[in-house]
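S.K.: would you be able to build a 3D model of this:
(chains A and B)
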Amino acid sequence: MSARISASFQEGRCSLIPFITVGDPHVDWTVDIMHALVDGGADLLELGVPFSDPMADGPVIQQSSERAIERGVTLESVLNTVREFREQDQQTPVILMGYMNPVERFGEADFPAAAAAAGVDGLLLVDCPPEEAQVLHQALEQEGLSSILLVAPTTREARLDRICGAASGFIYYVSFKGITGANRLDADALQAPINAIRSRSELPVAAGFGINDAESAQAVAAHSDGVVIGSALVKLLAESEDREDAVGRARDFVASVRQALDNS
Amino acid sequence: MNAQVQQTSDQPDESGHFGEYGGSFVSETLMHALEELREAWLRWRNDDEFMARLDRDLAYYVGRPSPIYYAERLTQHCGGARILLKREDLNHTGAHKINNTVGQNLLAWHMGKQRVIAETGAGQHGVATSTVAARLNQQCVVYMGETDIHRQAINVFRMRLMGAEVRSVTSGSKTLKDALNEAMRDWVTNVDDTFYVIGTVAGPHPYPVMVRDFNAIVGREARKQMLEQYEELPDALVACVGGGSNAIGLFHPFIGDRDVAMYGVEAAGRGLNTEEHAASLCAGKPGVLHGCRTYLLDDQAGQITHTHSVSAGLDYPGVGPEHSWLKDEGRATYVGVTDEETLAATHALSRMEGILPALESAHAIAYGMKLASEMRADQTILINLSGRGDKDVQTLAAIEGLEL
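M.R.: Here you go, the predicted structure:
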């Protein structure tokens, strides 16, 4: 498992995990935006690898994904982006979030080493449950990469044992039944399922889906070790006018959430 | 050949793998729903009352068995093997699709799910789902790509007449694959009370095997009819393949009959040497799409590519995982037929037999005609005429420059 990921979760502090799509709003801005997110107080960065058929994503990330593909973003260029980010930042963990087919096409056997060499710390494949990923997970582990797995409100106990046994880095709790960016968050409903994960795993638990501002992040942070914010940030960046504006929006947004988390 | 021996295949394994294909590639939220569906299907498929009800619905509502018809003039025209047609076009709602929805909607009803959703390309599966939903008093939402809504306007209206809500999908290529994405998003959101009626033998386990089982009535019937009417099995089976449900339905009961050749006909669109086709088995590579590992059409970066076919029902970049397995095993052969050849076959069948085939099924007719002409007169080809062409009348007229 990635040392950078375990170091980024600290006792008594909720980790802030922003998500952006690589190459959106502009291919050349992504690395600057990543640094700005860290400046603003991000603890771990989640980079979206665009896919043509993102079944688990709402309209904001779908459209962001489509724009990035139009601009020529590929899994290979995502790795280049991480490599460039690592020239200045060796501390902040970076995980990739995406779908199975681009990894399959890159080569399931080649990908873990290439990702590790680029400075990636973990991989979350939305459409690849642990049952289908045993070979991939082993290869990732050999390269020191974490396999981030999802737990959902619909996950039953037997599967929860299995997921907790296979996951590394942290566990991503999907906060409601639905797609990314939907407005269905009920922070209080997170406590019981996150406790169920904690009783089975030492790993930190981050919650995502539907967290869109400082207030909702604060509410979720009461129950989890980390909060993931995706669609709200992607939308904010999509509306930016130029690189400077995008960088400023990224930093300010994360800083406002960080402040709320620190004050709670 | 011992025609009495019927071995069916031992695929898939318990977790839905046909060799290296199939499986369950979906987000965690749906894993429990799939498990629940697997258990329900295992339970009800062994329930005598359920199966008796299904048989009655197939007989008295769908109108089964569908006949095998000897296309005599077409046979003479091709000058080779005898051409027989399995008349799935005569089913209620006009295609094989209802074999599956009669089963799945009934299963939904037994599982206590009041709301059913479906994706549709040509609209046949949407019509078949909304039809059975009306009868079982289920709320029905059908997702359909904006492009397909325009080219299949008649079927859209039919669905609305049955009380279904048709939701236009404007993401991606605005066709079948995007409708499937959107249906998955609905399902993940409403998983507690919603049953997703998938229309083809693709998707996560158990859909490929469940949809196959419901459509295998086509092949079981055909096999029996061949033995009764002709006292032999056909030398070759021909069926069109988009996702591949009518083809698997016909093929599956014949898998153990090693002397029966099987041909799956994909949409070669404007040609396999162009980028405008939908032939994932002929021109694609194994990958992961819509919940299963299978042959698909993508670019070097793994992005699913836009497909083209004159028939909306074949306009899909993936294919059912069992077909991928049959291809690799060499048990079935997959070929492509272009838009142009399809249109010629549509006219040929209409003029010579008075049967207007669906554009999807006309792909099978086109290849069957070609194959027949290369075979001997004492040989027999059975083509699955999977649907009728009433829904395509506007498309056909538009190609001839007419507006109806």
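
S.K.: all contacts plus neighbour counts: C-alpha atoms, from now on.
M.R.: Noted.

S.K.: close to chain B: what parts of the stretch 1-150 of chain A are there?
M.R.: A:51-58, A:66, A:74-75, A:100-106, A:126-129, A:132, A:150 (CA under 8 Å from any CA of the partner chain).

S.K.: just the ones of those in helices?
M.R.: If you go by DSSP state H, the residues of the stretch 1-150 of chain A next to chain B have A:66, A:75, A:100-106 in helices.

S.K.: buried subset of the residues you listed, written for ChimeraX?
M.R.: To isolate the buried members of those in ChimeraX, using 16 or more other CA atoms under 10 Å in any protein chain shown:
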select /A:66,75,100,101,102,103,104,105,106
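
S.K.: and of the ones in helices among the residues of the stretch 1-150 of chain A next to chain B, the nearest to chain B?
M.R.: residue A:102 (4.2 Å; CA to the nearest CA).

S.K.: mind listing what the helix or strand where residue B:238 lies pairs with, with the direction of each?
M.R.: Using DSSP states H and E, the element containing residue B:238 is strand B:236-240. Next to strand B:236-240 in the sheet, as set by DSSP bridges, lie strand B:261-269 (parallel), strand B:380-385 (parallel).

S.K.: who are the packing partners of the host helix or strand of residue A:33?
M.R.: Secondary structure from DSSP H and E places residue A:33 in helix A:30-40. Counting contacts by 3 or more CA pairs under 8 Å, 6 or more residues apart in numbering or on different chains; DSSP states H and E, helix A:30-40 is packed against helix A:75-86, helix A:243-263.

S.K.: now these in a markdown table, with mean pLDDT and distance to residue B:384?
M.R.: Formatted as a markdown table, the helices and strands packed on helix A:30-40 follow (pLDDT from 0 to 100; distance: least, CA to CA, whole Å):
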| stretch | mean pLDDT | distance to residue B:384 |
| --- | --- | --- |
| helix A:75-86 | 98 | 42 |
| helix A:243-263 | 97 | 57 |
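
S.K.: closest to residue A:44 out of those helices?
M.R.: helix A:243-263 (11.7 Å; CA to CA).

S.K.: which stretches in the chain count as strands?
M.R.: Defaulting to chain A. For chain A, the strands defined by DSSP state E occupy A:15-21, A:45-48, A:94-98, A:122-125, A:146-147, A:149-151, A:171-174, A:205-208, A:226-229.

S.K.: actually chain B
M.R.: For chain B, applying DSSP E gives strands covering B:17-18, B:21-22, B:68-70, B:82-87, B:115-120, B:139-145, B:165-169, B:194-196, B:236-240, B:261-269, B:285-289, B:292-296, B:333-338, B:380-385.

S.K.: export those strands to a markdown table and tack on mean neighbour count and mean pLDDT?
M.R.: Converted to a markdown table, the strands of chain B look like this (neighbours: other CA atoms under 10 Å in any protein chain shown; pLDDT from 0 to 100):
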| stretch | mean neighbour count | mean pLDDT |
| --- | --- | --- |
| strand B:17-18 | 23 | 97 |
| strand B:21-22 | 26 | 98 |
| strand B:68-70 | 16 | 98 |
| strand B:82-87 | 24 | 98 |
| strand B:115-120 | 27 | 97 |
| strand B:139-145 | 26 | 97 |
| strand B:165-169 | 20 | 97 |
| strand B:194-196 | 24 | 98 |
| strand B:236-240 | 29 | 99 |
| strand B:261-269 | 28 | 98 |
| strand B:285-289 | 23 | 98 |
| strand B:292-296 | 29 | 98 |
| strand B:333-338 | 22 | 98 |
| strand B:380-385 | 27 | 98 |
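
S.K.: just send the ones you listed back as JSON lines, with distance to residue A:159 too.
M.R.: Listed next are these as JSON lines, based on distance: least, CA to CA, whole Å:
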{"stretch": "strand B:17-18", "distance to residue A:159": "19"}
{"stretch": "strand B:21-22", "distance to residue A:159": "20"}
{"stretch": "strand B:68-70", "distance to residue A:159": "48"}
{"stretch": "strand B:82-87", "distance to residue A:159": "44"}
{"stretch": "strand B:115-120", "distance to residue A:159": "26"}
{"stretch": "strand B:139-145", "distance to residue A:159": "30"}
{"stretch": "strand B:165-169", "distance to residue A:159": "33"}
{"stretch": "strand B:194-196", "distance to residue A:159": "22"}
{"stretch": "strand B:236-240", "distance to residue A:159": "39"}
{"stretch": "strand B:261-269", "distance to residue A:159": "38"}
{"stretch": "strand B:285-289", "distance to residue A:159": "22"}
{"stretch": "strand B:292-296", "distance to residue A:159": "20"}
{"stretch": "strand B:333-338", "distance to residue A:159": "38"}
{"stretch": "strand B:380-385", "distance to residue A:159": "42"}
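
S.K.: burial check on the nearest residue to residue A:31 once chain neighbours are set aside, number of neighbours?
M.R.: Nearest residue to residue A:31 in three dimensions, chain neighbours excluded: residue A:85, at 5.6 Å (CA to CA, 6 or more residues apart in numbering or on different chains). Residue A:85 is flanked by 21 other residues according to other CA atoms under 10 Å in any protein chain shown.

S.K.: now do the contacts for the closest residue to residue B:374 other than its chain neighbours.
M.R.: Computed as CA to CA, 6+ apart, the closest residue to residue B:374 that is not its neighbour in sequence is residue B:80, at 6.4 Å. When contacts are counted by CA atoms under 8 Å, 6 or more residues apart in numbering or on different chains, residue B:80 touches B:372-377, B:379.

S.K.: just the buried ones among those, please.
M.R.: So, by 16+ other CA under 10 Å, the buried ones in those are B:372-373, B:375.

S.K.: count of neighbours near the residue in the stretch 151-264 of chain A positioned nearest to chain B?
M.R.: For the stretch 151-264 of chain A and chain B, the shortest gap (CA to the nearest CA) falls at residue A:178, measuring 3.9 Å. Number of residues near residue A:178 (other CA under 10 Å) recorded here: 27.

S.K.: can you report phi and psi for it?
M.R.: phi 160, psi -160 (degrees, to the nearest 10).
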